[in-house]
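[1] okay, here's the prediction I keep looking at, along with the sequence it came from:
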Amino acid sequence: MKHINILSAVLVLLLTSSLYAQQDPYYTLYKYNMNMVNPAYAGSTGFSELSTGFRMQWVGVEDAPKTQFLSYTAPLKRNLGIGISVINDEVFVLKETDITVDVSYHIKLNEEYLLYFGIKGGGSFIHIDLEKANVKNDPLFAENQSFFNPTMGAGLYLKNEKFYLTLSTPNFLSGERYEKEGNVPIAATDKLHMYVGGGYHLQVSDKITFMPSIMMRYIDGVENAYDLSAAFDFNQKVNAGINYRLNESIAVFAMTKVIDQMQFGVAYEKSTEQSSDFTGTGTFEALLRFRFL
């Protein structure tokens, strides 16, 4: 039990430099629920959609990072779109619930191109149960922490029938987080996240479409992350492919149409860096999406 407590304390100290710095969770299936990172995506499909899912890191390890989410987007009149998202993150002593609302507006550049502008507003309810670490005689673990961080983000989304471009920051406000300096807990500010990406649809045959895409995530003071993805769509019923996060991980994923109004997707991700996957296990992600015609 003593060794478990020591390991837990080490783990929470490692996590304070990343999770408490409000580094948003990665989503392997982000392309199928893009309003999580770009508010301009709200209503852009032309349908009302309800999506729910989860992401589990280090599968089988107690208190490992896990995320649950629920989102709804819909087009409105006068070129407007709306989206609502609830994201719940849990990892060991940290619990965070983000509730945000997206509003988008689009203009028709010409007969082929639509440009969407989006804003995101809301906040994060954060609770840090430091007593759970069971560490004695350390001021850092002496008292639980609960606070609220407001959220304000923005994005652009350009699309036509064959490709899309996306640029966004889910939150550009500076919020409170938790850090240790020596033996004393101190307040710090969040780091700005920015996402830049795009994708293309290449018709291979009447029933097969090749869909390569890329997404870059920038965080101030952190090395950029690049997701390179290649997927094939088969007769608009099954979409499957592979995602490589440069120097970090590789994942396989599939999204299938269960019925016309429902799709189900799964992904499994494995670290390519041995040092960053100390448990030897991978990450599992699932998504269920309902489309209201």
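    Thanks, I have the structure now. Numbering: from 1, shown residues only.
[2] check contacts around Leu173.
    By Cβ atoms under 8 Å, 6 or more residues apart in numbering, the residues touching Leu173 are Asn149, Pro150, Thr151, Met152, Asp190. Backbone N, C-alpha and C define where each C-beta goes, glycine included.
[3] should've said Tyr32
    With Cβ under 8 Å, 6+ apart, Tyr32 has these contacts: Ser51, Met255, Gln263, Gly265, Leu287, Arg289.
[4] out of those residues, which are inside strands?
    Taking DSSP state E, the ones among these that sit in strands are Ser51, Met255, Gln263, Gly265, Leu287, Arg289.
[5] farthest pair within these?
    Longest distance between any two of these is 11.4 Å, between Ser51 and Met255; criterion Cβ to Cβ.
[6] tell me the residues that contact both of these two, please.
    Common neighbours of Ser51 and Met255 (Cβ under 8 Å, 6+ apart) are Tyr32, Leu287.
[7] need the contacts of Leu173 in CSV with pLDDT and neighbour count, can you?
    Shown next, in CSV, are the contacts of Leu173 (pLDDT from 0 to 100; neighbours: other Cβ atoms under 10 Å):
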residue, pLDDT, neighbour count
Asn149, 87, 19
Pro150, 90, 12
Thr151, 90, 19
Met152, 93, 15
Asp190, 61, 21
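[8] ok, of those, which one's closest to Gln236?
    Thr151 (34.8 Å).
[9] and the closest one, what element?
    Using DSSP states H and E, Thr151 maps to strand 145-159.
[10] quick check: beta-bridge partners of Gly199?
    Beta-bridge partners for Gly199, by DSSP bridges, are Tyr164, Ser213.
[11] what about it, distance to Asn224?
    With distances taken as Cβ to Cβ, to the nearest Å, Gly199 is found 18 Å from Asn224.
[12] do the same with Asn149
    For Asn149, the distance to Asn224 - Cβ to Cβ - is 24 Å.
[13] mind listing the helices for this protein?
    2-16 (DSSP state H).
[14] with adjacent residues omitted, what lies nearest to Leu80?
    Tyr105 (5.7 Å; Cβ to Cβ, 6 or more residues apart in numbering).
[15] pull the contacting residues for that neighbour.
    Asn79, Leu80, Gly81, Tyr116, Phe117, Gly118.
[16] try Gly46
    Pro75.
[17] mind checking pLDDT for it?
    Per-residue pLDDT puts Gly46 at 92.
[18] how much space separates it from Ser71?
    Distance from Gly46 to Ser71, by Cβ to Cβ: 17 Å.
[19] same question, Ala230
    From Ala230 to Ser71 the distance is 25 Å (Cβ to Cβ).
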